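Enquirer: Generate a structure from the sequence data that follows.
(chains A and B)
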Amino acid sequence: DSGVTQTPKHLITATGQRVTLRCSPRSGDLSVYWYQQSLDQGLQFLIQYYNGEERAKGNILERFSAQQFPDLHSELNLSSLELGDSALYFCASNSQGAYNSPLHFGNGTRLTVT
Amino acid sequence: DAKTTQPNSMESNEEEPVHLPCNHSTISGTDYIHWYRQLPSQGPEYVIHGLTSNVNNRMASLAIAEDRKSSTLILHRATLRDAAVYYCFPSGGSQGNLIFGKGTKLSVKP
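Expert: This next block holds a predicted model:
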């Protein structure tokens, strides 16, 4: 058990809809990362937060947004959903947001857009 | 960004050692070399990381070439549970984000 909790485990929704994915980092970790994994793209880095502030941005679409709250949990919001957004979404955390510090991953949220 | 190259797939027999190679020829001097693995239906799992010297932990050993342009993850005795996709990438000082590639899919035969 990595200590990172993601909810929900599964989500099925229709095109055009909006969903929110939630992540609770490992106790004591200040930094949260979001990744998207689809069959043809592998693991794609989306965005990183450190102690409530955005630290780095990857291949995140404008339809997607995220935030990290004062209690350090994070939410990833996906809107105007398209079929191609169907994927596994992983959250990871590490203690100080340092890039030489190991990441601890949750078990992901599987999003299916129909 | 530093580019990494890993074989798409490898096979091993149970209880034999496995050497998983990774090339990262454009690594910068301050980047650490990270290895993660992803078992089916799970999130990636940290395996090991190192800077210059070889590293050992309970899961694996990491051998880093002297010029740091390549590394090898060594599983001393493969088990069926080691069947996974193994990702290698440099990250740290100049690399910024922890960028995963496609990885190597390791199959372990009984």
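
Enquirer: Skip ahead from the helix or strand bottoming out on mean pLDDT in chain B and say which helix or strand is next.
Expert: Least confident helix or strand of chain B, by mean pLDDT, DSSP states H and E, is strand B:84-92 with a mean of 89. Next helix or strand after strand B:84-92 toward the C-terminus (DSSP states H and E): strand B:104-109.

Enquirer: Secondary structure of residue A:84: a helix, I assume?
Expert: Yes: counting by DSSP: H, G, I helix; E, B strand; the rest coil, residue A:84 is located in a helix.

Enquirer: Low-confidence stretches in chain B?
Expert: Filtered on pLDDT under 70, chain B yields the residue ranges B:1-2, B:93-97.

Enquirer: Point me to the residue of it nearest chain A.
Expert: residue B:43 (3.3 Å; Cβ to the nearest Cβ). For the C-beta atoms, the positions are set from N, CA and C on the backbone; glycine is no exception.

Enquirer: Which other helices and strands does the least confident helix or strand of chain B contact?
Expert: Contact here means 3 or more Cβ pairs under 8 Å, 6 or more residues apart in numbering or on different chains; DSSP states H and E; on that basis strand B:84-92 packs against strand B:18-23, strand B:31-38, strand B:70-75, strand B:104-109.

Enquirer: With chain A in mind, check whether the first one reaches it.
Expert: No: applying Cβ under 8 Å from any Cβ of the partner chain, one finds that strand B:18-23 is not in contact with chain A, the shortest distance being 15.2 Å.

Enquirer: If you count neighbours, what's buried in that strand?
Expert: For strand B:18-23, the neighbour count (16 or more other Cβ atoms under 10 Å in any protein chain shown) marks B:18, B:20, B:22 as buried.

Enquirer: mind checking pLDDT for residue A:14?
Expert: pLDDT for residue A:14: 98.

Enquirer: From residue B:23, how far out is it?
Expert: For residue A:14, the distance to residue B:23 (Cβ to Cβ, to the nearest Å) stands at 43 Å.

Enquirer: and residue A:23, how many neighbours?
Expert: 27 (other Cβ atoms under 10 Å in any protein chain shown).

Enquirer: can you list the residues of chain A near chain B?
Expert: Checking chain A against chain B by Cβ under 8 Å from any Cβ, the hits are A:2, A:4, A:33, A:35, A:42-43, A:45, A:48, A:56, A:58, A:90, A:92, A:98-100, A:102-108.

Enquirer: Buried only: go through these for me.
Expert: Among those, those buried by neighbour count (16+ other Cβ under 10 Å) are A:2, A:4, A:33, A:35, A:43, A:45, A:48, A:56, A:58, A:90, A:92, A:99-100, A:102-108.

Enquirer: Residue in chain A with the shortest distance to chain B?
Expert: residue A:105 (3.3 Å).

Enquirer: The residue nearest to that residue when sequence neighbours are not counted: neighbouring residues, count only.
Expert: Among residues not flanking residue A:105 along the chain, residue B:43 sits closest, at 3.3 Å (Cβ to Cβ, 6 or more residues apart in numbering or on different chains). The burial count assigned to residue B:43 is 23, neighbours taken as other Cβ under 10 Å.
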